[in-house]
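Okay, here's the prediction I keep looking at, along with the sequence it came from:
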Amino acid sequence: MLRKSFNELTEKTYSFNFVEWFQNGFWDENYIPYSLADGEKIIANVSVNKMKFTLDGTEKRYIQIGTVMTDKAYGGQGLSRYLMERVIKEYIDKVDGIYLFANDQVLNFYPKFGFSKTKEYQYSKIVNIKNSEQIEHVDMADMVNRNKFLKTAKNCVINERFAMHNFGLIAFMTIGPMINKIYYCPSEEAYVIADIEEGNLLVYQIISLHKVNLDNVIHSFGSSIYKVYLGFTPYDSMGYEINEYHEEDCTLFCLGNGFENMDKRKLMFPTLSHA
């Protein structure tokens, strides 16, 4: 009953819900909604996402806050503030840090809890690809394809400097908003989540059972590609431009000691890690 109300508020606030994700068994112990209810109705929520990362070989344990929402009929009562304070108090001494991505309407809200704006950096480069296209689009409506992909995602290795380990979130993104952005690179036996637009290739994530050659993956998209942008931090930055990253209506805020030297390390949270 409460889950149904939670999904209704999520749909009303963000125009998506967690129904299919739950039905497929991907909602696990890493996603924890902290909710307030009025009787049988969820009226406010702040969700905790337990996030394991590997940063330059070192394991980090973070909490990502997401699905922050209040029913409009209950606004102005400090419900989100109460939930934020509860979550921070519970986790701040148990993890390396807490982070979130805020939309432009609430940029003044999170500093009240000690969060600071944190810079991200994107890697890009111009390419000159001679070979023809070799990449294959994956039809995720085909359950054989979907299950094969998800099995690989569940057991995938690290292919970047700053890597997320959260299968549930990968599953949410790839059977949801990114379901039509999944490709397969036969030469590297790797899945690639990517966007292609007017000669620009945005590689969000590489999912494979072994470490891949990133240039081989990029070249598999063929000669129509002239510039590549990465949605993650690569192992090897040779040949890449590194620019401060700005995404509309999506500002990174961090709290805790586990984010020291993020700016100097020129990192980007993997695109698929956004809750």
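Noted; the coordinates are in hand. Note that the structure is a prediction, hence the values are computed from the model and not measured.

From here on, just use CA atoms for contacts and neighbour counts.
OK.

Go ahead and report the secondary structure state at residue 147.
Three-state assignment for residue 147 (DSSP: H, G, I helix; E, B strand; the rest coil): helix.

burial of it, as a residue count?
Neighbour count for residue 147, taken as other Cα atoms under 10 Å: 12.

try the one 5 residues further on
Taking other Cα under 10 Å as the criterion, the count of residues near residue 152 is 16.

Spit out the contact partners of it.
Contact analysis of residue 152 by Cα atoms under 8 Å, 6 or more residues apart in numbering lists 207-209.

now do residue 253
99-102, 110, 115-118.

on that earlier part again, JSON lines please, covering the contacts of residue 152 and showing neighbour count, pLDDT and distance to residue 83.
As requested, the contacts of residue 152 are arranged in JSON lines below (neighbours: other Cα atoms under 10 Å; pLDDT from 0 to 100; distance: Cα to Cα, whole Å):
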{"residue": "207", "neighbour count": "24", "pLDDT": "97", "distance to residue 83": "35"}
{"residue": "208", "neighbour count": "23", "pLDDT": "98", "distance to residue 83": "38"}
{"residue": "209", "neighbour count": "17", "pLDDT": "98", "distance to residue 83": "39"}
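
which one of the residues you listed sits closest to residue 71?
residue 207 (37.3 Å; Cα to Cα).

going on from the one helix or strand residue 90 maps to, what's the next piece of helix or strand?
If you go by DSSP states H and E, residue 90 is part of helix 79-91. Scanning forward in sequence from helix 79-91 by DSSP H and E, the next helix or strand is strand 97-102.

ok, the contacts of residue 152 vs residue 234, which is closest?
residue 207 (13.5 Å).

Quick check: bridge partners of the closest residue to the closest one other than its chain neighbours?
Excluding the flanking residues, the one nearest residue 207 by Cα to Cα, 6 or more residues apart in numbering is residue 191, at 5.0 Å. Beta-bridge partners recorded for residue 191 (DSSP bridges): residue 184, residue 207.

roughly how far apart are residue 179 and residue 196?
14 Å (Cα to Cα, to the nearest Å).

wait, I meant residue 227
Distance from residue 227 to residue 196, by Cα to Cα: 10 Å.

So which of those two has more stuff around it?
Shown here are residue 227 and residue 196; by other Cα under 10 Å, residue 227 has more neighbours (17 against 14).

I'd say residue 66 and residue 49 touch.
Yes: if you go by Cα atoms under 8 Å, residue 66 and residue 49 touch, sitting 7.3 Å apart.

more crowded one of these two?
Comparing residue 66 with residue 49 by other Cα under 10 Å, the one with more neighbours is residue 49, at 26 against 20.
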